[in-house]
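*Asks:* model this:
(one chain, ligands or ions: 1)
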Amino acid sequence: MPSYKLFYFNVRGRAEISRWMFAQAGVKYEDIRIGSETWPEKKKECPFGQMPLLEVTDDSGSTHVIAQSSAIQRFLARELGMNGKDSYEAADLDMVGEQMKDIMMALPWTEKDEERKKQLTKEAIEGPIAKYFLQLENRVRDNGWFGRSGGPTVGDIGFSVGCEFLLHTVPTALDATPKLKALNERVRNMPNIKTWIESRPETKI
Ligand SMILES: N[C@@H](CCC(=O)N[C@@H](CS)C(=O)NCC(=O)O)C(=O)O
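*Replies:* Model (predicted):
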């Protein structure tokens, strides 16, 4: 059994999808949260000078370093059996992941003024993001998941993690898309994920 170390800052951010995947799979890992005092040293070990970073020591004792959050999520999806049954289903899940990235990119991350940021976030969620959600609603299968062979997969988990932030700002953000709303609830209530949400370190983002 490989051993895993996930390095990130003390926020949910770009590591949270991987943390939910570990939780759902019931696979142990070290959730290492780097503070500002140790970051300059750790940064030197990061292939692109950024986190998250996943270190995997395989059964032969070799250690592999994986950077880029999407690469980490896709690697874990393959390793933990959350990537669909074949490459067509995996492509369907990738489509969801990329759509969620477009959704997150529609948010005003660089706005410095807190009040204006709140207003712009609300406008983005009620405008372009609502349209993205309507498109995503059509990707939910009759089985209630994004994957033809069931879930939760990396697509379902990535969607639900993204929704945490959006729903915090606009609690009605999924009201026009009932299949997405039900899918989000289903993922959050998976017993292992629920336990993680209830026990994880409390952070703002
Ligand atoms: N495309 C990268 C972006 C990674 C990224 O922006 N990491 C930020 C934190 S969210 C970081 O390490 N910032 C510290 C720095 O650049 O020194 C990914 O998805 O992993």
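
*Asks:* mind checking the end-to-end distance for stretch 74-86?
*Replies:* Using Cα to Cα, to the nearest Å, one end of stretch 74-86 lies 14 Å from the other.

*Asks:* Could you check it and say which residues are buried?
*Replies:* 74, 75, 76, 77, 80, 82, 83, 84 (16 or more other Cβ atoms under 10 Å). All C-beta spots, glycine's among them, are computed from the backbone N, C-alpha and C.

*Asks:* and which of those residues is nearest the ligand?
*Replies:* Set against the ligand, the nearest of these by Cβ to the nearest ligand atom is residue 74 (11.7 Å).

*Asks:* mind checking the SS state of the closest one?
*Replies:* With DSSP: H, G, I helix; E, B strand; the rest coil as the basis, residue 74 sits in helix.

*Asks:* Cross-check the contact I'm expecting between it and residue 83.
*Replies:* Yes - contact status for residue 74 versus residue 83: in contact at 7.2 Å, counting by Cβ atoms under 8 Å.

*Asks:* Common neighbours of the two, please.
*Replies:* Counting by Cβ atoms under 8 Å, 6 or more residues apart in numbering, the residues touching both residue 74 and residue 83 are residue 154.

*Asks:* Now for the closest residue to residue 188 other than its chain neighbours: which residues touch it?
*Replies:* Once flanking residues are discounted, residue 188 sits nearest to residue 160: 6.0 Å by Cβ to Cβ, 6 or more residues apart in numbering. Residue 160 makes contact with 20, 152, 183, 184, 187, 188 under the criterion Cβ under 8 Å, 6+ apart.

*Asks:* same deal with residue 92?
*Replies:* Taking Cβ under 8 Å, 6+ apart, we find residue 92 in contact with 84, 139, 146, 147, 148, 155.

*Asks:* how about 10 Å then?
*Replies:* Neighbouring residues of residue 92 by Cβ atoms under 10 Å, 6 or more residues apart in numbering: 84, 139, 141, 146, 147, 148, 153, 155.

*Asks:* my read is the last one is in a helix, agree?
*Replies:* Yes - when three-state DSSP is applied, residue 155 is found to be in a helix.
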